[in-house]
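Q: My questions are about this predicted structure, shown below with the sequence.
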Amino acid sequence: MEIRVRFAPSPTGPLHIGGARSALFNYLWAHHNKGKFIVRSEDTDLERSSRESEQNILEALRWLNIQWDEGIEAGGEYGPYRQTDRLDLYRDYTKKLFDSGHAYYCYCSEEELEQERQTLSAKGETPRYRGKCRHLTTEQRTVLEAEGRKPVVRFHVPEAQAIHVNDQVRGDVVFDSDGIGDYVIVKSDGIPTYNFAVVVDDVTMKITHVVRGEEHLSNTPRQVLIYQALGLPVPEFAHVSLILNTEGGKMSKRDGDTAVLDYKQKGYLPEAIVNFIAMLGWAPMGEEEFYTLDELTEVFTLDRVSKSPAVFDVQKLNYINSHYIKEAAPERLAELALPFVGEMGILPQGERSDQQQQWFIGFIEAISEKLSHMAEVKDFVHYFHGAVPMEPVGEALEVLKGEQVPGVLKLFGDKVQEIELLSETTVKVLLKQITKELKLGGKLVYMPIRVALTGQMHGPELYAIIPLLGRENVLKRLEVTEKRSLG
Ligand code: GLU
């Protein structure tokens with residue numbers, strides 16, 4: 001049997017990390033089994049759904065390289081793939097449920113329902129709809145409709161039944177049908193509710209495995225009852241645990257930084273996000289932490305999905321991202337860094353001269369080891385660009401007060417002026433010469449030069465900084481430092 005799984009987001013906001021994880025697990029499970037991955041849209045919340053959100057979701061999936069075989073924009077045999085385009089289908093299935101006696105019209109008003117909830121709560125019972133309208137006669141319905149009441153359609157929940165959800169992650173989870181109450185499957189405006197539409201979609205799209213967030217586990221018995229009423233086999237379920245933040249609170253869709261494309265904007269690499277979210281609630285065998293999408297596809301199985309909550313730790317993400325930054329070609333990193341550097345006005349966003357491009361690549365190479373995401377390039381620009389170093393303070397300022405410093409800086413300046421070409425190799429030689437000629441230990445030479453040029457005690461390698469700054473800026477920075485120490 002072909003494995004068919006789906007990702008069915010409600011397009012009511014951007015794709016967030018939890019949604020991306022569901023999509024990824026479905027993708028991996030499908031492709032691990034040479035099956036199909038479907039993306040469709042649950043857009044029946046007409047007020048909150050938008051095409052803009054749908055586009056955001058699709059764009060984020062594409063950015064992560066989570067491709068789908070069927071669904072929105074991809075097409076396929078079982079479309080359409082937006083629920084609002086499938087209303088006729090839901091009508092057909094509603095009729096089936098009416099015909100088999102599993103559905104009925106309910107005319108209760110909001111006030112009547114509220115009263116029932118309160119009565120049950122007062123008795124210490126679970127508030128639920130107990131089926132008041134189950135057996136209305138045609139005459140009674142005519143009277144109610146004459147009052148202007150618009151009915152909803154409810155599902156007739158069987159009494160005293162144990163509903164088993166055989167979950168691949170959680171095992172056999174049993175629900176008592178008496179706690180459920182007859183739930184609405186079609187609202188008074190004719191739009192189906194989630195629990196009904198999702199079953200119709202899963203049935204008609206021949207879904208074999210439903211892999212989704214744990215928050216849907218409590219909906220599952222309602223869905224199982226509908227399968228049973230239709231006389232259809234129930235798919236396999238796998239409910240993936242919640243993602244908590246490091247404080248143990250629930251990650252919320254409303255937190256800005258949970259949106260996947262925010263990470264794109266900050267210059268994270270998509271392969272790092274994929275690697276990171278794969279480990280949110282799933283673990284491979286062995287110690288290896290770095291997995292590409294293809295490697296994940298190879299090893300992913302549902303039996304290694306964990307029951308316990310996953311923790312979203314941005315430090316871990318940064319660690320994984322820095323690994324992929326080190327692996328990436330400098331040209332690619334330069335492209336990703338461009339918006340941030342461009343924002344600072346030091347490079348044109350469009351065409352760059354060969355010299356500018358060379359400088360830029362050199363800059364990226366010099367710092368890539370230190371980056372956890374590309375937005376951080378901004379913090380390094382001051383080392384490599386411009387005629388004025390940062391103002392030294394504290395210990396750095398003390399470094400410049402050493403008695404050897406004027407001699408070191410003078411000799412360094414002279415050598416920079418004389419040298420034909422500033423490169424990593426020539427700068428290394430030049431610095432060594434100074435220690436030899438002045439008979440000073442390395443630190444007494446390198447540290448004042450570093451502080452004079454950058455205002456800082458730490459930073460990227462001097463032999464990377466000096467050629468990228470270029471002769472002119474090096475000499476100007478030395479001048480600025482000299483003036484500062486005189487003033
Ligand atoms: N629309 C639901 C959500 O976004 C998906 C539920 C499901 O996968 O069954 O959470």
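A: Ah, there it is.
Q: In terms of secondary structure, what does the biggest helix by length in the chain contact?
A: In terms of residue count, the longest helix belonging to the chain (DSSP state H) is helix 462-486. For helix 462-486, the packing partners by 3 or more Cβ pairs under 8 Å, 6 or more residues apart in numbering; DSSP states H and E come out as helix 354-367, helix 381-384, helix 405-418, helix 424-438, helix 442-454. Glycine gets a C-beta too; all of them are placed from N, C-alpha and C.
Q: Would you mark the buried spots in the third one?
A: Looking back up the chat, that one is helix 405-418. By 16 or more other Cβ atoms under 10 Å, the buried positions in helix 405-418 come out as 405, 407-409, 411-413, 415-416.
Q: tell me the SS of the closest residue to the ligand within the stretch 51-200 of the chain?
A: The ligand sits closest to residue 198 of the stretch 51-200 of the chain, with a gap of 4.7 Å, by Cβ to the nearest ligand atom. Counting by DSSP: H, G, I helix; E, B strand; the rest coil, the backbone at residue 198 sits in helix.
Q: correct me, but it touches residue 223?
A: Yes. With contact defined as Cβ atoms under 8 Å, residue 198 and residue 223 form a contacting pair (6.4 Å).
Q: okay, those two: which has more neighbours?
A: residue 198 (25 against 22; other Cβ atoms under 10 Å).
Q: List the residues that contact that one.
A: For residue 198, the contacting residues are 8, 42, 223, by Cβ atoms under 8 Å, 6 or more residues apart in numbering.
Q: So which of these belong to helices?
A: residue 223.
Q: The contacts of residue 198: which ones sit near the ligand?
A: Subset of the contacts of residue 198 in contact with the ligand: 8, 42, counting by Cβ under 6 Å from any ligand atom.
Q: and the residue of the stretch 151-300 of the chain nearest the ligand?
A: Counting by Cβ to the nearest ligand atom, the stretch 151-300 of the chain gets nearest the ligand through residue 212, at 3.8 Å.
Q: so how far is residue 10 from the closest residue in space to residue 201 that isn't next to it in sequence?
A: Among residues not flanking residue 201 along the chain, residue 40 sits closest, at 6.5 Å (Cβ to Cβ, 6 or more residues apart in numbering). Counting by Cβ to Cβ, to the nearest Å, the separation of residue 40 from residue 10 is 11 Å.
Q: what do you get for residue 166?
A: Taken as Cβ to Cβ, the span from residue 166 to residue 10 is 26 Å.
Q: More neighbours: which of the two?
A: More neighbours surround residue 10 than the other of residue 166 and residue 10, with 18 against 13 (other Cβ under 10 Å).
Q: dump the residue contacts of the nearest residue to that one once chain neighbours are set aside.
A: Distances taken as Cβ to Cβ, 6+ apart put residue 42 closest to residue 10, at 4.6 Å, once the chain neighbours are dropped. Shown in contact with residue 42 (Cβ under 8 Å, 6+ apart): 8-11, 83, 194, 197-198.
Q: Repeat that for residue 466.
A: 416, 422, 427, 453, 474.
Q: what's the burial count for the last one?
A: In other words, residue 474. The tally of other residues near residue 474 (other Cβ under 10 Å) stands at 24.
Q: Tell me how far it lies from residue 410.
A: 14 Å.
Q: what do you get for the fourth one?
A: Computed as Cβ to Cβ, the residue 453 to residue 410 distance reads 14 Å.
Q: go on, the first one?
A: Per Cβ to Cβ, residue 416 is found 11 Å from residue 410.
Q: Buried by neighbour count: which residues of the lowest-mean-pLDDT helix or strand in the chain qualify?
A: When the helices and strands of the chain are scored by mean pLDDT, DSSP states H and E, strand 243-245 comes last with a mean of 89. For strand 243-245, a neighbour-count test (16+ other Cβ under 10 Å) marks 243-244 as buried.
Q: Near the ligand, which residues of the stretch 101-250 of the chain are found?
A: Counting by Cβ under 6 Å from any ligand atom, the stretch 101-250 of the chain sits next to the ligand at 198, 212, 216.
Q: on that earlier part again, could you pull up the residues touching the residue nearest to residue 201?
A: 6-8, 71-72, 81-83, 201, 205.
Q: try residue 233
A: Contacts of residue 233 (Cβ under 8 Å, 6+ apart): residue 227.
Q: who touches stretch 20-28?
A: Contacts for stretch 20-28 (Cβ under 8 Å, 6+ apart): 5-7, 9, 15, 37, 39, 60-61, 64, 66-68, 209, 211-213, 238, 240, 243, 260, 273-274, 277-278, 280-282, 296-297, 300, 302, 305.
Q: Let me see the ranges of the helices in the stretch 1-150 of the chain.
A: Under the criterion DSSP state H, counting those that start in this stretch, helices of the stretch 1-150 of the chain are mapped to 17-32, 51-63, 87-99, 110-122, 138-146.
Q: Now do the buried residues in stretch 375-382.
A: Under 16+ other Cβ under 10 Å, the buried positions of stretch 375-382 are 375-377, 380-382.
Q: ok, now stretch 76-89?
A: Those would be 76, 78-79, 81-83, 86, 89, for stretch 76-89 by 16+ other Cβ under 10 Å.
Q: Please identify which of the residues you listed is nearest to residue 318.
A: Of all the buried residues of stretch 76-89, residue 81 has the smallest distance to residue 318: 35.9 Å, by Cβ to Cβ.
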